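Participant: sequence and predicted model, in that order:
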Amino acid sequence: MENIIISESEKKEICKELKNGFTSFFHFSLKLIEDLSEENNNLKFAVVNMQISLELFLKYYFLMIDEPERVFTIKNRNRRFRDFSEVLKSYYSISGNNYYADKKNLISILESRNDIVHKGKYKKWDDDLANYIITCIFFIQGNFKNLTSETLLGTQYHPHKLSNNWTWKTGSSKFARKIADKFDDEPLECPHCYSRSLINKEIFEFDDQGEIENYQCLTCLCEVDTQIHGALIECCECNKKAYYVDKLNIQSDKTHLGACFNCGNKMDLRHCENCDKFYFHDLQEEENEFDENYFCSNDCVEVFKEDYDRLNKKNADTIENTNI
């Protein structure tokens, strides 16, 4: 490859233009996907727009990591952009096995776009192609987030309109299974849209708050808080860490509501006052209770009693010394 020299100011300007370009086509593609179906031509337009977004993004990507020779070439002493097929090939030559998208899937988008633009050829519907476009959404989002810590889609407080589209729902669920499998994990069922697309944000996320401790649905983009408002524990039925506990909503009988995002099991739980664990109290032979507090085991009761007696003695001593 030629040695391409670009000043920092020129690089900044080119990156700005490329970013404006790929984000615009990215969001327009999403709008088309919201109403994507066999009954309209949205797939045709989504293919063209998604390919443009992908091409501009990869050029932006290489400039941001200071590898302009993968974007530009010299011809007749003039600098020009490389063909996209070269840029795409170059990306996979350095990225190896990419978690987000297979090279052949992105090539299919390029070939379909060329057939539409240059030959006017387009078959009305193609399930595989629709799925490739959805995969490309995650490809761009994932790489862009890793590159800049920015996001193209933020966390939603209510299910995104995309989740109403069957093609997006099936495609995003398929991607969630694929990406989770890379980390020896499985997606859970989202409590907001009921797609099996809920995954740990350490694996993949759209979050714009910079928090990765929770879970996020790749279909509706909603987040499930497993740190402050809720917790995930092992389910007593399926034995997977998928049972969600509503930590802050304590019932009158000191139980907490919950449900398994894997098998659907629903049982109330209690919170152990000693070790802070949530446990399925109905599975105990007898309730471990002391001074109107509940415990997951006899051992925890005994530890709590020791601390309780020690604290009472300390308080009594303090009162006695005060009276003296």
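Facilitator: Alright, I've got the coordinates.

Participant: element containing the closest residue to residue 103 other than its chain neighbours?
Facilitator: Of all residues not flanking residue 103 in the chain, residue 92 sits nearest, at 4.7 Å (C-beta to C-beta, 6 or more residues apart in numbering). Backbone N, C-alpha and C define where each C-beta goes, glycine included. Using DSSP states H and E, residue 92 maps to helix 84-95.

Participant: packing partners for that helix?
Facilitator: helix 42-64, helix 103-114 (3 or more C-beta pairs under 8 Å, 6 or more residues apart in numbering; DSSP states H and E).

Participant: can you check what angle separates that helix from helix 103-114?
Facilitator: Angle of helix 84-95 versus helix 103-114, following axes from the mean of the first three to the mean of the last three C-alpha atoms, to 10 degrees, is 170 degrees.

Participant: now do helix 84-95: everything it contacts.
Facilitator: Residues from elsewhere that reach helix 84-95 (C-beta atoms under 8 Å, 6 or more residues apart in numbering): 51, 55, 58-59, 61-62, 70-71, 82, 98, 103, 106-107, 110.

Participant: got the CA positions of that helix in PDB?
Facilitator: Output of helix 84-95 as PDB, limited to C-alpha atoms (Å, rounded to 0.1, in the frame of the first residue of the first chain):
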ATOM      1  CA  PHE A  84     -15.500  -0.100  -1.300                       C
ATOM      2  CA  SER A  85     -14.800  -3.800  -2.100                       C
ATOM      3  CA  GLU A  86     -11.100  -3.000  -1.300                       C
ATOM      4  CA  VAL A  87     -12.000  -1.200   1.900                       C
ATOM      5  CA  LEU A  88     -14.200  -4.100   3.100                       C
ATOM      6  CA  LYS A  89     -11.600  -6.700   2.200                       C
ATOM      7  CA  SER A  90      -9.000  -4.600   4.100                       C
ATOM      8  CA  TYR A  91     -11.200  -4.400   7.200                       C
ATOM      9  CA  TYR A  92     -11.600  -8.200   7.400                       C
ATOM     10  CA  SER A  93      -7.900  -8.700   6.800                       C
ATOM     11  CA  ILE A  94      -7.100  -7.000  10.100                       C
ATOM     12  CA  SER A  95     -10.200  -7.800  12.100                       C
END
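
Participant: can you give me the buried ones in it?
Facilitator: 84, 87, 88, 90, 91, 92 (16 or more other C-beta atoms under 10 Å).

Participant: may I see these organised as JSON lines, with distance to residue 252 added?
Facilitator: Shown next, in JSON lines, are the buried residues of helix 84-95 (distance: C-beta to C-beta, whole Å):
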{"residue": "84", "distance to residue 252": "63"}
{"residue": "87", "distance to residue 252": "62"}
{"residue": "88", "distance to residue 252": "60"}
{"residue": "90", "distance to residue 252": "63"}
{"residue": "91", "distance to residue 252": "58"}
{"residue": "92", "distance to residue 252": "59"}
